[in-house]
Every structure is written in structure tokens, then in C-alpha cells.
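Colleague: Build me a model from this:
(chains A and B)
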Amino acid sequence: MSTEDSEKLKVFQTLLEMPSHQVFYLRFGPLSLYLAKSETELTIKWSTSNDWMDTSFSYDWPFTGILPETLLTTHRVAFSREIQSIQLTPCLGERAFVAQPFDRLDLMPGQKMKVFMSTPMSLEILDAVEGESLAEIPVFRRPLTWFGESTIKGELCFFTNIHAALREEDMPFRPHRAMTHVNITNRSSERFPIQRLKIPVHYLSLFQRANGRFITSSIDIDLESGGKIRSVQIRPPRTNIKNLTSVAAPRSKGQGGLRALKLLELLK
Amino acid sequence: MIEVLKSIFMDVAHEFDWYKLFFSLILFLVGHFLIRLFLKSLSLVTGRLSTRQGRFVFQKFLSYGLHVFLIVGTLKVAGVDIKVILGAAGIVTVALGFAARSSVSNLISGLLLIFEQPFVVGDLIETEGRLGEVLSVDLLSTSLRTIDNLYVRVPNDILMNQRVVNYWRFPILRMDMRINVPYSESLEEIHKILNSVRERSALSLQEPKALFKVESFEENHIVVIYSVWTTRQYFSEFKGQFYKEVHNAFRQAGVSQPQSSIRMIQEEIRSKAETLKKS
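Modeller: Prediction:
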């Protein structure tokens, strides 16, 4: 990723002082977003290509092109006061993601593995003065899936395919996806196949690095015999904290034991 | 039976003080109003605390209990000797029991439904060939709203004694789609088309995985069952939408339709007739 791209990604750390009737355009991976403001309303228009591998990132302000109206979804927010400034904030999903590696991945007994995976984010539009959330738009349509021990007991999650890189350098950069570092330790005497991994993104914090990349809290998982999970811990990202900007707190705080219990159903 | 009731009434009427009767009527009306007010304000609190069915059952029993106390209190104020009524209640109960056999059966079934909870208020159930949303589970009957917005009242003993299918019991549902595939088409291609429709569908689930099963070989076609999962909330709209998308995908891919035997014979006859005509 170039320095120019890194600088562009800092648009998420700035407030947009939008004059009325000017259009702000943002391309964030598959998402194309158009914002326009008047004295009494904010108009949000968007479309998505649903191409999760899209690495586009750009913005244009003021946007002087032609809006592809027929392809756009429109959402209008009305106010009695004029909105002074807007902030665009990426955020993590409201449900857990089930990540399925493209290729089979096994962890040998007694071994540790660092897996780097990414999940698609949503874009939240905030009134910067009041701090109110005006809209939240997923970057693309997230397929639903069921994750559980049976069709009776389980949880509805979002689904994503991942490369499951074992080195960060092997992770392709996609601006609309947040990277999560998962450490898995196999303390059993059996080989453990990683077929699917549930990433509880609603319990994770979101940060942005100096180079513009979005990362989340890390997850540490210990496995024991029978493929059972002994413990799960959520930690701050394993990177120099000084180079990180906090973007969003976890959506769900959980309730101590309940949170741990839910997190324990992470692997299948 | 009539003589018994008459003697009870004479005993009771003899005891009456009409001033007390009037006062007790006022007391009953005020008490009834206060109970309703109390239950309404309670619903604002319990609304956040429990399920719709739990709130419903709690309020019903509380309402009946409070009204029983109110009636007993009102009768006492009216100067009615409760013991006389209770004494005759045994005889009346036996008589009513025979006359109201079916109501008693419904009542017991209603209690069993409330406590066993094979379905709760808000569930989508199918019974006696009708599909409907459960509006309320009352003591004698259960009210449903059908998908074409009709009100159906089903006696509880029917629900206890017949098969009831609850579509909302579990969070996800499977939809089985029966497709007649002509022998001229490749099953692998059909499978691919169906999978691509499923992947594009916003309402279908990635897991559990869809199933593609060859069910039987018929005269003109192969019967294939394609099973795909969705959440219970989307079940009604998913079926129609998915069928439409499959049809469109088949048309785009140029998948032919199976022909019936009669149609094939007609075409064969037509073709032979044309050949004869030419010759």
C-alpha cells in the first residue's frame, strides 16, 4: 500500500464540514457512497458491487460527476437544525462472522498457530457535533449462516471466506476489511482441523494503524482433547499501541461469564 | 335441577338487603375497573421482563384470581351467605359437569397448552390444514390469524388431540424444492445453477449446506429435491422469491422443460403426418 493511500484512509479520522448542496463521494471497497446535505436533511445514497475482493479506495469532494441514480439506494435523514459536520467511521459487524478457509488447515498436537483473517466492516455516518449515529451501511451484502452444534441450538452469523494467512505479509490489503489476529494453541494430543472459525466481532474493538489499515483486538484460543476449547481471551492488538488510533469500542460488552461461555463456541 | 336452583335463590333472596345489594354492585364495578387499571399498568412493567406468552398467562391468572376475590368480597358486602352457595356448588358442579363436558375438556386442554407450551403467542402453526399466527391461548380455545388475515378460533381439545406443526419452534427452517429435470439436461449443470442461485440469495443460509438429491426416475424426467435453509422470519417470502430466481436462472441457462407423454405422442403424430403429407 502506498503512502498516498495511507494518507487517504485518514479521511475516517477527520470531520467533514459539508457545505449545503455539495456532494461527497467515497469509494470504500465494493461500496460507493454519496452524501449531500441541505438545511433540513442529509441525503445518503449508496450502491455496492458485492465484490468482496474489491480493493478500491478513493474519495471526491466536491463530487462533480453524474450520480447513477437508478443504481443507488437512497436514505434521507431529516432535521430541524442544520448539521454542521459529519464523521464517517468504519465499524465491525453486529453479528459474529463465520470464517471458512478456502483450503484445509490443520494444527498439529502441541503446536501454536497465528492466523490472520479479515472480516468486512460497515460504515457508520455520525453527526460529529451531537455524536448521533445517522446511518450504518454494510460495505456489501453479508451472507447469513448458521453456526451451532445442531439445527436447534446455535446462532445466526454472517459468513465470509478467508485465506487464513499465517503471516501478516501474506494478507492482501483490502481497505474495507478489518484484520483480526487469532492465536490458536493445540494443547491436546490430536491434530485439529480448522474448518470454520467464528469471529465474535461484536465483542472486539476496532483500531486504525498509522498506515491506514484497520485491525481489531486479538483473540487467543486454547484447545484441549476432543476438540474442546479450554479458554478464550480477547486482548488488545499485538502491535505497538502508540501507532494505533482507536476507532470503535466493542458493540457488546458481555457479562463476564456469559461472554466467555458464548465465546467458547468458536470452532467447529 | 331447577328446584335446587330455586331453593338456593329463595334462601339467598331472603337474606338480601337491597341497599347492600346496590352498594355491592357499585363496589363490584369500581373493583373491576381498578383491576383492569392495575393489569394494564402491570403490562407496562412485565413487557420488558418476560416473553409474550409468559405475560399473557400471568395476566390471565392474575385477572381471574383478583376477580374471584372481588366477587367473594362483593357477595359478603351484599350480605350473602357464602357457605350456602358453596354448599350447593357441589351439586351444581356435578350437574354442570355433565352438561358442559366439552367445555371442561377444552378448559383442561387449555391449561395443558399453557403449561406445556407446544406453541406460544406469536408462533406460526398449522392445524386442521390451516396455517396461522397464534394470537392468544385462552382457557377454552386458541385464536389464530391466518396468512390471508382471517380469524380462526380452534377449541383447545382439538389442538391437544390433533397434530400441530409449529413452524416457529426452531430458528431455522429447510425448504424442499421439487424439480423435474428432463433427461436431456445434465444433473451437474442443474446443481451448479441451483447453487449459484442460493449463493446470490440474501435470504438463504450458507450453512447448513444445501442438499441436492435425486429422488426418482420418471417416464419423462428425473425428480430432484433441492433443500435449502433459511431463517423462520423469512420463510414465507423466501419460498416465492427463490422459486422465481430459479426459474429465471433456468431460462437464462436455456434449461428445457420436461414434456408430458401425451404431448410427446402428439408431436410424434404431427411430425409423421407432415412427413406423409409431403410424400
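Colleague: Break down the chain into its helices, ranges please.
Modeller: Picking chain A for this. In chain A, the segments counted as helices under DSSP state H are A:3-8, A:257-263.
Colleague: if you could check chain B rather than the one you did, that'd help
Modeller: Applying DSSP H to chain B gives helices spanning B:2-14, B:18-46, B:52-77, B:82-99, B:101-116, B:156-161, B:187-200, B:235-253, B:261-278.
Colleague: got the buried residues for the third one?
Modeller: By that I understand helix B:52-77. B:Gln53, B:Arg55, B:Phe56, B:Val57, B:Phe58, B:Lys60, B:Leu66, B:Leu70, B:Thr74, B:Leu75, B:Val77 (16 or more other CB atoms under 10 Å in any protein chain shown). For glycine as for every other residue, the C-beta is placed from the backbone atoms N, C-alpha and C.
Colleague: Please convert those residues to TSV, extending it with distance to A:Ala128 and pLDDT.
Modeller: Formatted as TSV, these follow (distance: CB to CB, whole Å; pLDDT from 0 to 100):
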residue	distance to A:Ala128	pLDDT
B:Gln53	44	68
B:Arg55	41	73
B:Phe56	45	72
B:Val57	48	71
B:Phe58	46	76
B:Lys60	51	78
B:Leu66	54	90
B:Leu70	59	89
B:Thr74	64	87
B:Leu75	68	84
B:Val77	67	81
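Colleague: Tell me the residues on the stretch 51-200 of chain B that lie near chain A, please.
Modeller: B:Phe170, B:Pro171, B:Ile172, B:Arg174, B:Glu199 (CB under 8 Å from any CB of the partner chain).
Colleague: how near is the nearest residue to A:Glu39 once chain neighbours are set aside to A:Tyr25?
Modeller: Leaving aside its sequence neighbours, A:Glu39 sits nearest to A:Glu82 (CB to CB, 6 or more residues apart in numbering or on different chains; 5.1 Å). From A:Glu82 across to A:Tyr25, the span is 21 Å (CB to CB, to the nearest Å).
Colleague: of these two, who's got more company?
Modeller: Using other CB atoms under 10 Å in any protein chain shown, the more surrounded residue of A:Glu82 and A:Tyr25 is A:Tyr25, with 19 against 12.
Colleague: got the contact list for the more buried one?
Modeller: By CB atoms under 8 Å, 6 or more residues apart in numbering or on different chains, A:Tyr25 lies in contact with A:Ser32, A:Leu33, A:Tyr34, A:Leu35, A:Tyr59, A:Asp60, A:Trp61, A:Phe63, A:Gly65.
Colleague: Pairing-wise in the sheet, spell out the partners of the fifth one.
Modeller: Partner residues in beta bridges with A:Tyr59, using DSSP bridges, are A:Leu26.
Colleague: one step back: wait, which of the helices of chain B is closest to A:Met53?
Modeller: The closest of these to A:Met53 is helix B:187-200. By CB to CB, the value is 15.0 Å.
Colleague: who does the closest one touch, helix- and strand-wise?
Modeller: Based on contacts counted as 3 or more CB pairs under 8 Å, 6 or more residues apart in numbering or on different chains; DSSP states H and E, the elements that helix B:187-200 packs against are strand B:172-182, strand B:211-217, strand B:221-231, helix B:235-253.
Colleague: Which residue does the stretch 101-250 of chain B have closest to chain A?
Modeller: B:Gln206 (4.0 Å; CB to the nearest CB).
Colleague: about what we covered before: pLDDT added to the contacts of A:Tyr25, as a markdown table?
Modeller: Converted to a markdown table, the contacts of A:Tyr25 look like this (pLDDT from 0 to 100):
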| residue | pLDDT |
| --- | --- |
| A:Ser32 | 93 |
| A:Leu33 | 93 |
| A:Tyr34 | 93 |
| A:Leu35 | 92 |
| A:Tyr59 | 89 |
| A:Asp60 | 88 |
| A:Trp61 | 84 |
| A:Phe63 | 85 |
| A:Gly65 | 83 |
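Colleague: Just the buried ones from those?
Modeller: The neighbour-count test (16+ other CB under 10 Å) marks A:Ser32, A:Leu33, A:Tyr34, A:Leu35, A:Tyr59, A:Phe63 as buried among the contacts of A:Tyr25.
Colleague: still on that earlier bit, can you select the buried ones from the residues of the stretch 51-200 of chain B next to chain A in PyMOL?
Modeller: Selection of buried members from those for PyMOL, criterion 16+ other CB under 10 Å:
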select buried, chain B and resi 171+172
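Colleague: For the residues of the stretch 51-200 of chain B next to chain A, work out which two are farthest apart.
Modeller: Greatest spacing in these, by CB to CB: B:Phe170 and B:Glu199 (23.6 Å).
Colleague: which of the helices of chain B sits most buried?
Modeller: For the helices of chain B, average neighbour numbers computed from mean count of other CB atoms under 10 Å in any protein chain shown are highest in helix B:156-161, which has a mean of 18.
Colleague: can you give me the mean pLDDT across it?
Modeller: For helix B:156-161, mean pLDDT rounds to 90.
Colleague: and what of stretch A:142-157?
Modeller: Mean pLDDT, computed over stretch A:142-157, is 90.
Colleague: What's the end-to-end length of it?
Modeller: One end of stretch A:142-157 sits 9 Å from the other (CA to CA, to the nearest Å).
Colleague: Spell out which residues belonging to the stretch 101-250 of chain A are near chain B, please.
Modeller: Residues of the stretch 101-250 of chain A lying near chain B (CB under 8 Å from any CB): A:Arg141, A:Pro143, A:Leu144, A:Thr145, A:Trp146, A:Phe147, A:Thr151, A:Ile152, A:Gly154, A:Leu156, A:Phe159, A:Arg196.
Colleague: again, only using 10 Å
Modeller: Residues of the stretch 101-250 of chain A lying close to chain B by CB under 10 Å from any CB of the partner chain are A:141-148, A:150-161, A:196.
Colleague: PyMOL command for the buried members of those residues?
Modeller: Applying 16+ other CB under 10 Å to those, the buried members can be selected in PyMOL as follows:
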select buried, chain A and resi 142+143+144+145+146+147+148+154+155+156+157+158+159+160+196
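Colleague: Leaving out the residues flanking it, which one is nearest to A:Gln233?
Modeller: A:Asp220 (4.5 Å).
Colleague: close enough to count as contact, A:Pro143 and B:Trp229?
Modeller: No - A:Pro143 is beyond contact range of B:Trp229, at 11.9 Å (criterion: CB atoms under 10 Å).
Colleague: okay, and the common contacts of those two?
Modeller: In terms of CB atoms under 10 Å, 6 or more residues apart in numbering or on different chains, A:Pro143 and B:Trp229 are both contacted by the residues B:Arg198, B:Leu203, B:Ser204, B:Leu205, B:Gln206, B:Glu207.
Colleague: Out of those residues, list just those in strands.
Modeller: Using DSSP state E, no member of the shared contacts of A:Pro143 and B:Trp229 falls within strands.
Colleague: Mind checking which of those residues are buried?
Modeller: B:Arg198, B:Leu203, B:Ser204, B:Leu205, B:Gln206, B:Glu207.
Colleague: Residue in the stretch 151-268 of chain A with the shortest distance to chain B?
Modeller: Using CB to the nearest CB, the single residue of the stretch 151-268 of chain A nearest to chain B is A:Phe159, 4.3 Å away.
Colleague: Quick one: residues contacting that residue.
Modeller: Going by CB under 10 Å, 6+ apart, A:Phe159 touches A:97-100, A:142-147, A:196, B:205-207.
Colleague: Pretty sure A:Val11 sits against A:Tyr59.
Modeller: Yes - using CB under 10 Å, A:Val11 is in contact with A:Tyr59, at 5.7 Å.
Colleague: Report the set of residues contacting both of the two.
Modeller: Contact criterion CB under 10 Å, 6+ apart; residues bridging A:Val11 and A:Tyr59 by contacting each: A:Phe24, A:Leu26, A:Phe28, A:Leu88.
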